[in-house]
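Visitor: Fold the following and give me the result.
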Amino acid sequence: MTAAQRSGWFERLRGWAKHVKRDVYAVYFAARDRRTPWYAKALAFTIAAYALSPIDLIPDFIPVLGYLDEIILLPLGIMLVVRMIPPEVMAEHREKATAMEDRPTSRGAAIAIVVIWVSALAFTVWYFWPSR
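Guide: So this is what the prediction gives:
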């Protein structure tokens, strides 16, 4: 495989990942829309819960296979939910998700959150540190 072929393949993979990321936001918005069917909302909630759950179908400590569910199952689940949502609702929320991606991120908010977590951790260590 030539360098140009590898580059083209990588760019297609990158574009696909960007579309999946946009669809994650769009599904989140669509799940809160009253025009979305209840079964699509239920599946969207289930996929989100699985993605955020510390319990995986294939444990992450297994080399290569551990991340297979995140790489394959979650995008497939998202694509299934997208197919369940009416096209006009999904198109509307894809536009909203695309607009949201273009907004700048707040570094000040990120710093504030990190400071809060570090402070909470420091307080916890100080409180439970054995004082003999």
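Visitor: Where does pLDDT dip in the protein?
Guide: Screening the chain residue by residue with the criterion pLDDT under 70, one finds the ranges 1, 4, 104-105, 132.
Visitor: helix or strand for the residue most central in space within the chain, which one?
Guide: A centroid search over the chain (CA atoms, centre = their mean) returns Val24, at 6.1 Å, as the residue closest to the centre. Here Val24 sits within helix 3-31, counting by DSSP states H and E.
Visitor: so how far is Ile113 from Arg107?
Guide: Between Arg107 and Ile113 the distance, using CB to CB, to the nearest Å, works out to 11 Å. Placement of C-beta: from N, CA and C, glycine included.
Visitor: between those two, which one's more packed in?
Guide: For Arg107 against Ile113, the residue with the higher neighbour count under other CB atoms under 10 Å is Ile113, and the figures read 11 against 8.
Visitor: For the more buried one, give its distance to Tyr127.
Guide: Counting by CB to CB, the separation of Ile113 from Tyr127 is 21 Å.
Visitor: just Trp38 next, same as before
Guide: Distance of Trp38 to Tyr127, given as CB to CB: 45 Å.
Visitor: Okay, buried residues for the helix holding Val24 please.
Guide: Burial within helix 3-31, assessed by neighbour count using 16 or more other CB atoms under 10 Å, is assigned to 22-27, 29-31.
Visitor: show me where the protein has helices.
Guide: Remark: helices assigned in the chain by DSSP state H are 3-31, 38-52, 68, 74-84, 87-101, 107-128.
Visitor: Any idea which of the ones you listed gets closest to Ile58?
Guide: Of all those, the one in closest proximity to Ile58, counting by CB to CB, is helix 68 (5.8 Å).
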